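In: Here is the input, now give the coordinates:
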Amino acid sequence: MTATRISSLFDALLAEKGSDLHLSIGYPPLGRIRGKLTPLREAPLTAPELEAMLFELVTPEQKLQITEELDLDFSYTYGAKARFRANYFYKMTGLAAVFRSIPTKVPTLEELNTPEVVRRLAERRSGLVLVTGLAGSGKSTTLAAMLHHINQLRPSSILTIEDPVEFVHESLRSQVTHREIGPHAPSFATALRSAAREDANVVLAGELITPDALKQALQLAGSGVLVLGTVSAQGAQATIERILHMFPEEEQAQIRGLLADSLAGILSQQLLRSVDGKTRVLALEVLVGGSIVTRMIREGHVSELSGAMQAGQGHGMQTLDQHLERLVTAGTVTPSEALEKAQDREGFAKALQRLKPDFELPEDVRA
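Out: Model prediction:
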């Protein structure tokens, strides 16, 4: 592995098991370690130092893109230690970058401590499975573990479409093909449109952020392909509402029908600090497709999905707040950490009064 100017910062981040490296002119390098930004050295970065550090990692074509288009996304392999998803951009102080660490070893569903329903969704032969949440909530890691499970389980053709490629999967029982937006396809929609002609059984569609890509994913999922994708939204209801609102009103009835027919499940996740502060804990809201969910989506009763999830625990469904209650009861996360992430803060505060009578509630949720 050739040493570069940034090597010491990568090593420091990995030694602390950090997830992101933030680099900005006039500030010390910052690592996101167990959810908190932490300086990795005292001295701030200068403009010449940062430019030399960042431009050393890119091709002449990539350097031209960042200087002309002011934004660049790419993946960088740091020897055998790690891979990083890199984003270069400009802000008030000048050039800046964020590197997201991608483990070289694909995690298993067991290692992520996911519930059994995630395995069942991965084992489906068709339908749309969405993993949702805000940036940094571990969506890509969950999807990678689901793909790894399929790859170990059955002979199939797996196609990943990403921008950039993150986890690299070695073909095991399945044949895995990686395509990257830019070098291999002009857009997610174009790549999804050609996926059916490529005889794919499973398609990872990265982030579905355009109406065209979403429509292609829905049609592909309805044609007998298992499609896995991400949407930046918190909660199953918000995910469905965001999908519908991406389309003009005259198309929403059609999209609602496609979604009702093809949706296999939504995993909406957040990461919380553990009680000891040393690790991060996955909290999941789970919606599983079925006749009741299909009817609610088709008839526009999306606001009733929370009740369906609460009542559907036998099918693996749960609201985020139900999972947070269990994490607090198990002593995995603190009541204050769970309350901060709860969707219904007032309702969750009442549950905390029952679970942890000694916990002092914040003023904004006190009865």
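In: And Pro115, how far from Leu109?
Out: Computed as Cβ to Cβ, to the nearest Å, the Pro115 to Leu109 distance reads 9 Å. Where C-beta positions appear, they are placed from N, C-alpha and C, glycine not excepted.
In: same question, Leu23
Out: Distance, Leu23 to Leu109, using Cβ to Cβ: 33 Å.
In: which of the two has more neighbours?
Out: Neighbour totals were compared for Leu23 and Leu109, and Leu23 leads with 22 against 17 (other Cβ atoms under 10 Å).
In: what's near enough to touch the more buried one?
Out: Leu9, Pro29, Leu30, Leu45, Leu50, Met53, Leu54, Ala96, Ala97, Val98, Phe99 (Cβ atoms under 8 Å, 6 or more residues apart in numbering).
In: would you turn those residues into TSV with neighbour count?
Out: Below are the contacts of Leu23 laid out as TSV (neighbours: other Cβ atoms under 10 Å):
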residue	neighbour count
Leu9	20
Pro29	22
Leu30	21
Leu45	22
Leu50	24
Met53	19
Leu54	21
Ala96	19
Ala97	20
Val98	17
Phe99	27
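In: In strands only, show me the residues you listed.
Out: Mapping these onto strands (DSSP state E) picks out Leu30, Ala96, Ala97, Val98, Phe99.
In: The first one contacts Thr38, correct?
Out: Right, Leu30. Yes - using Cβ atoms under 8 Å, Leu30 is in contact with Thr38, at 6.6 Å.
In: Distance of the spatially most central residue of the chain relative to Thr239?
Out: What sits nearest the mean C-alpha location of the chain, by Cα atoms, centre = their mean, is Lys139, with 1.9 Å. Taken as Cβ to Cβ, the spacing of Lys139 relative to Thr239 amounts to 12 Å.
In: mind listing the strands for the stretch 201-350 of the chain?
Out: For the stretch 201-350 of the chain, the strands defined by DSSP state E, counting those that start in this stretch occupy 202-207, 226-231, 263-273, 280-288.
In: other SSEs contacting the second one?
Out: Contact partners of strand 226-231 among helices and strands, from 3 or more Cβ pairs under 8 Å, 6 or more residues apart in numbering; DSSP states H and E: strand 127-132, helix 139-153, strand 202-207, helix 211-221, helix 236-245.
In: That one vs helix 139-153, what angle?
Out: On the basis of axes from the mean of the first three to the mean of the last three Cα atoms, to 10 degrees, strand 226-231 is oriented at 170 degrees to helix 139-153.
In: quick one: strands adjacent to strand 226-231?
Out: Strands adjacent to strand 226-231 in the sheet, as given by DSSP bridges, are strand 127-132 (parallel), strand 202-207 (parallel).
In: Name the residues that touch that strand?
Out: For strand 226-231, the external contacting residues (Cβ under 8 Å, 6+ apart) are 124-132, 139-140, 143, 146-147, 150, 201-209, 217, 220-221, 239, 242-243, 262, 264.
In: go again using 7 Å as the cut-off
Out: With contact meaning Cβ atoms under 7 Å, 6 or more residues apart in numbering, strand 226-231 is reached by 124-132, 139, 143, 146, 201-208, 217, 220-221, 239, 242-243.
In: count of residues packed around the closest residue to Gly182 other than its chain neighbours?
Out: Distances taken as Cβ to Cβ, 6 or more residues apart in numbering put Asp163 closest to Gly182, at 6.9 Å, once the chain neighbours are dropped. The burial count assigned to Asp163 is 20, neighbours taken as other Cβ under 10 Å.
In: Quick check: Asp163 touching Arg179?
Out: No - the pair Asp163 / Arg179 is not scored as a contact, 9.8 Å apart, by Cβ atoms under 7 Å.
In: Tell me if Arg119 really is in a strand.
Out: No - under DSSP: H, G, I helix; E, B strand; the rest coil, Arg119 sits outside any strand and is assigned helix.
In: which ones are touching it?
Out: Contact analysis of Arg119 by Cβ under 7 Å, 6+ apart lists Leu109, His149.
In: Please report how far it lies from Thr108.
Out: Taking Cβ to Cβ, one finds Arg119 at 10 Å from Thr108.
In: and what of Glu207?
Out: From Glu207 to Thr108 the distance is 23 Å (Cβ to Cβ).
In: circling back: would you write out the PyMOL command that picks the buried residues out of the contacts of strand 226-231?
Out: Restricted to buried positions by 16 or more other Cβ atoms under 10 Å, the PyMOL selection for the contacts of strand 226-231 reads:
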select buried, resi 124+126+127+128+129+130+131+132+139+143+146+201+202+203+204+205+206+208+217+220+221+239+242+243
